[in-house]
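**Student:** quick one: sequence and predicted model below, then my questions.
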Amino acid sequence: MKGMAVGPEAFRDFFGSVPTAVAVVTTAGPDGRPLGFTCNAFSAVSLDPALLLVCVDESSRTLPALLGSGVFALHLLAAGGGEELARTFAGRSDRKFDGVAWRRGESVPGCPVLLDGVLGHAECTLESSVPAGDHRLLIGRMERVLMREEARPLLYRRGAFAAWGPATPAPEPAVPEPVTPEPAAPEPVTPEPATPEPVGGAGAAPEPVAGSARIVGAAQIGVRA
């Protein structure tokens, strides 16, 4: 990490490290001719009343007309056509509005309103002007706001433009349905064979066989003779 004295290079490096939204501020000169410049130093100030702030370089050729008319429009630029507008109005040409579609404001007729390449715009009346170094802080009361929700904001960082977010919302991931496991089939039970009980009960003497009795009887008779 390297520290730097706060000169122009360090100042630009610090604020250029984060992306900012890009805007075009428009107003009208004493002859009604539309004027404007590109701006990325602006912010909300108050909710009630609705106020915003724009920082304007003291060397801007549009600043005298803006202070003289007391009205301006702040346009938030959209991706696509907004980049070309940003580059056009960042220059010092007197023909910035050539080929640019615009109309007069509805609530503030004195300010030109851009029609293409815009995310939204606010028509403002000038509340106050505060000198701040080499810039002028202009606080405007927001008289009317129009948004175009289908457009994507244009961002700027370190000399490069980019669009914010996807062109279409990403689909939500599908939630898998819960799977109920099937009950396991019971294993077949093979009954053990029954052991037959002995006839006559345990320890019973075997019944005599008739033939053997006759033999024994004959023997006994023989012994007596």
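**Tutor:** Right, received. Where do you want to start? Remember, it's a predicted structure, so these values are computed and weren't measured experimentally.

**Student:** how about the longest strand anywhere in the chain as PDB, C-alpha atoms only?
**Tutor:** Under DSSP state E, the strand in the chain containing the largest number of residues is strand 118-132. Output for strand 118-132, consisting of C-alpha atoms alone and laid out as PDB, is shown next (Å, rounded to 0.1, in the frame of the first residue of the first chain):
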ATOM      1  CA  VAL A 118     -31.600   7.900 -20.600                       C
ATOM      2  CA  LEU A 119     -32.600   5.800 -17.600                       C
ATOM      3  CA  GLY A 120     -34.600   8.700 -16.100                       C
ATOM      4  CA  HIS A 121     -34.500  12.500 -15.700                       C
ATOM      5  CA  ALA A 122     -35.400  15.100 -13.100                       C
ATOM      6  CA  GLU A 123     -36.500  18.600 -14.000                       C
ATOM      7  CA  CYS A 124     -35.200  21.100 -11.400                       C
ATOM      8  CA  THR A 125     -35.300  24.700 -10.300                       C
ATOM      9  CA  LEU A 126     -32.200  26.100  -8.800                       C
ATOM     10  CA  GLU A 127     -32.400  26.600  -5.000                       C
ATOM     11  CA  SER A 128     -28.900  27.800  -4.200                       C
ATOM     12  CA  SER A 129     -25.300  28.000  -5.500                       C
ATOM     13  CA  VAL A 130     -22.300  27.500  -3.300                       C
ATOM     14  CA  PRO A 131     -18.700  28.100  -4.400                       C
ATOM     15  CA  ALA A 132     -16.400  25.200  -3.400                       C
END
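
**Student:** excluding its backbone neighbours, what's nearest the residue nearest the centre of the chain?
**Tutor:** Nearest to the mean C-alpha position of the chain, counting by CA atoms, centre = their mean, stands Gly165 at 6.9 Å. What sits nearest to Gly165 in space, not counting adjacent residues and going by CB to CB, 6 or more residues apart in numbering, is Arg152, at 5.8 Å. Yep, even glycine has a C-beta here, placed from its N, CA and C like the rest.

**Student:** from Asn40, how far off is that neighbour?
**Tutor:** Between Arg152 and Asn40 the distance is 17 Å, computed by CB to CB, to the nearest Å.

**Student:** hmm, Gly81 and the residue nearest to Gly165 touching each other?
**Tutor:** No. With the criterion set as CB atoms under 8 Å, Arg152 and Gly81 do not qualify as a contacting pair; they are 11.4 Å apart.
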